[in-house]
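Okay, structure incoming, though there's no sequence with it:
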């Protein structure tokens, strides 16, 4: 999608691909934590900032109102360096936003895994083995 955003000449395709790129840009706090932990984010590895910059300039460069908030937020987030990301995380923590340590999601992430909600039956070899039988029945 990033390549499409960088190479297309169609304004509709550019707008749509920019929306796709902006949708996968993580918040500044999440980018800071990933950089701090040494994790790589795929959006950082590709030329997503260049794609957002092209969409911003081509689509909204001459308008009085400027780019829409979804594009401006993604563009600003991707343009931040590590010190700016750290400041954004500190500001979000102070303001009680997403990175608040007491933040609770509406559903547990474990509920999204099929293995958690589907029954798991003991394998015949495990259930008949004398060495593992006590372990398997203690587990279930």
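Received it, and whenever you're ready, just let me know what you need. Bear in mind the structure is a predicted one, so any value in this text is a computation, not a measurement.

who touches residue 24 in this structure?
Residues near residue 24 by C-beta atoms under 8 Å, 6 or more residues apart in numbering: 42-43. All C-beta atoms are positioned from the backbone trio N, CA, C, and that covers glycine.

wait, doesn't residue 56 sit right on residue 67?
Yes. Using C-beta atoms under 8 Å, residue 56 is in contact with residue 67, at 5.1 Å.

shared neighbours, those two?
Common contact partners of residue 56 and residue 67 (C-beta under 8 Å, 6+ apart): residue 75.

For the chain, give me the ranges with low pLDDT.
Counting by pLDDT under 70, the ranges of the chain that qualify are 95-140.

what do you get if the cut-off is 50, keeping everything else the same?
Applying pLDDT under 50 to the chain flags the ranges 99-101.

element containing the residue nearest to residue 22 when sequence neighbours are not counted, please.
Nearest non-adjacent residue to residue 22, counting by C-beta to C-beta, 6 or more residues apart in numbering: residue 74, 3.7 Å away. Element membership of residue 74 [criterion: DSSP states H and E] is helix 69-78.

counting contacts, what elements does that helix pack onto?
Packed against helix 69-78 by the contact rule (3 or more C-beta pairs under 8 Å, 6 or more residues apart in numbering; DSSP states H and E) you find helix 11-23, helix 48-60.

Give the buried residues for that helix.
71, 74-75, 77-78 (16 or more other C-beta atoms under 10 Å).

Closest one of those residues to residue 47?
Taking C-beta to C-beta as the measure, residue 78 is the one of these closest to residue 47, at 10.2 Å.
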